[in-house]
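# Fold the stuff below for me.
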Amino acid sequence: MTSAEKLGFYATPPHQCSYLSENEAITLFADPDFPKNMRLYSALMNYGFRRSGAHLYIPKCENCSACISIRIPVNDFTPSRIQKRILNKNSDLGLTEKPAEFNQRHYELYKRYLASRHPGGGMDNPSPEAYMEFLTAKWSETIFFELTHNQQILAIAVTDVLDDSLSAVYTFYDPNFANRSLGKFSILFQILQAQILERKWLYLGYWIDNCRKMQYKSEFKPQELFFDGAWHYRP
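Numbers count the residues shown, from 1 in each chain. So this is what the prediction gives:
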């Protein structure tokens, strides 16, 4: 029996959906006490799971299947005209790989980003411990890609390196530079990093068709969507 076969799963009680506020959500978590490693992580990602901190989870709502795992087959990807403009706009940025460790400048940028994107929502003043617990896990191979301009940090793209893919965990950026489309740019350079590292896919988390905040994910094509127990290619 393999480690994955011994792994237990636990469902949360119904709670308000973070994306479709009129719906109730249920989340299925892999046993938090089960020892995890990159092999198990990679296997679960292939079945639509996602990492948040040290937890691996998947939505398992009773009357809704709107959350669909999405990944980009990086060797098939060709940037659109708009995406080429985004790449050109940000060609002056420096890119540095940083270890998944606490960095005060990263932390201050994260707080400014949350204060801009989620004001008054309970997320906009995280402690250093909560910040690191959300983005990292001891068993995960995680990189903080730092984007800079004239020594100023504009964005951090938190990326996991899996056996056959990369996972775009979270990106936060300076709200004063929103005109650079740094969120979309981070996906574009992570696709490039996946190609360089000879990975097959870049995972983008979950996509919901009628959720405005997630529409940007549908712009990266071709893509693969996980539903009905299998990945489906969408050109």
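# Next up, the contacts around the most centrally placed residue in the chain.
The centroid of the chain falls nearest to Val169 when counting by CA atoms, centre = their mean (2.7 Å). Counting by CB atoms under 8 Å, 6 or more residues apart in numbering, Val169 makes contact with Arg51, Leu135, Thr142, Val158, Thr159, Asp160. From N, CA and C alone the C-beta is placed, and that goes for glycine too.
# what bits of the protein have low per-residue confidence?
Across the chain, the ranges flagged by pLDDT under 70 are 1-5, 120-124.
# would you list every one of the helices in it?
3-6, 38-45, 81-89, 104-117, 128-135, 182-196 (DSSP state H).
# For stretch 8-27, list every residue counted as buried.
For stretch 8-27, burial by neighbour count (16 or more other CB atoms under 10 Å) applies to Cys17, Tyr19, Leu20, Ala25, Ile26, Thr27.
# Restricted to strands, list those.
Ala25, Thr27 (DSSP state E).
# returning to that earlier point: out of the contacts of Val169, which is nearest to Asp31?
Using CB to CB, Arg51 comes nearest to Asp31 of the contacts of Val169, at 14.5 Å.
# separation between the residue nearest to the centre of the chain and Gly229?
24 Å (CB to CB, to the nearest Å).
# swap in Ser186?
When Ser186 is compared with Gly229 (using CB to CB), they lie 30 Å apart.
# Between these two, which is the more surrounded one?
Neighbours of Ser186 and Gly229, each counted by other CB atoms under 10 Å, are more numerous for Ser186; the result is 23 against 7.
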